[in-house]
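A.B. asks: Sequence and predicted model, in that order:
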Amino acid sequence: MVKVLFDHNMPPAIARALNEIIKIDGHSAHALRDIFSVRIDDIEYFDRLGSGGDWIIISKDLQNSRKKAERAAILRNRLLAFYLSPALQKKSVGAQAAVILWHWDGMVQQRKLAERGLFQLPENKGKFRQL
């Protein structure tokens, strides 16, 4: 089953709400701060997730997708990362949660199809854009 981790820049409330919905199907969602120290750096938590199964990361930190070391850590650890588009980042927490929930089945499907990768999550019902 898929496990999803919401980065520190995402509201933990979205992770907890999504968890209540997806646990019915055996998946789980977690806020990063509920699993790791708030001081953990990105590469360290990518490395730690890499040994733990089918993880999806959801983040607002589009800069991470462009940094060589962070990008390499995501790919090396067979993680799938979804970054909210700039337009989606400007939406309310409720709107962000609604879009993530709408795209959930597609993210799970993408996890089954791709061993690793970085994608942008659109604000609408469009397709994921590979980063």
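C.D. replies: Thanks, I have the structure now.
A.B. asks: hey, let's count contacts and neighbours off CA atoms from now on
C.D. replies: Noted.
A.B. asks: May I see the buried residues of the helix or strand Ala98 falls within?
C.D. replies: Here Ala98 sits within helix 93-113, counting by DSSP states H and E. Neighbour counts over helix 93-113 (16 or more other Cα atoms under 10 Å) mark 96-97, 99-101, 103, 107-108, 110-111 as buried.
A.B. asks: again, but for stretch 5-13
C.D. replies: For stretch 5-13, burial by neighbour count (16+ other Cα under 10 Å) applies to 5-8, 10-12.
A.B. asks: what would the residues you listed look like in a markdown table with distance to Asn77?
C.D. replies: Formatted as a markdown table, the buried residues of stretch 5-13 follow (distance: Cα to Cα, whole Å):
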| residue | distance to Asn77 |
| --- | --- |
| Leu5 | 14 |
| Phe6 | 17 |
| Asp7 | 16 |
| His8 | 19 |
| Met10 | 21 |
| Pro11 | 24 |
| Pro12 | 23 |
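A.B. asks: Out of the residues you listed, which sit inside helices?
C.D. replies: Under the assignment DSSP state H, the buried residues of stretch 5-13 contribute Pro12 to helices.
A.B. asks: Which one of the buried residues of stretch 5-13 is nearest to Ala69?
C.D. replies: Using Cα to Cα, Asp7 comes nearest to Ala69 of those, at 17.0 Å.
A.B. asks: Report the separation between that closest one and Lys125.
C.D. replies: Asp7 is 22 Å from Lys125, where distance means Cα to Cα, to the nearest Å.
A.B. asks: coming back round to it: in the buried residues of stretch 5-13, find the pair that's most separated.
C.D. replies: Pairwise distances across the buried residues of stretch 5-13 (Cα to Cα) peak at 11.3 Å, for the pair Leu5 and Pro11.
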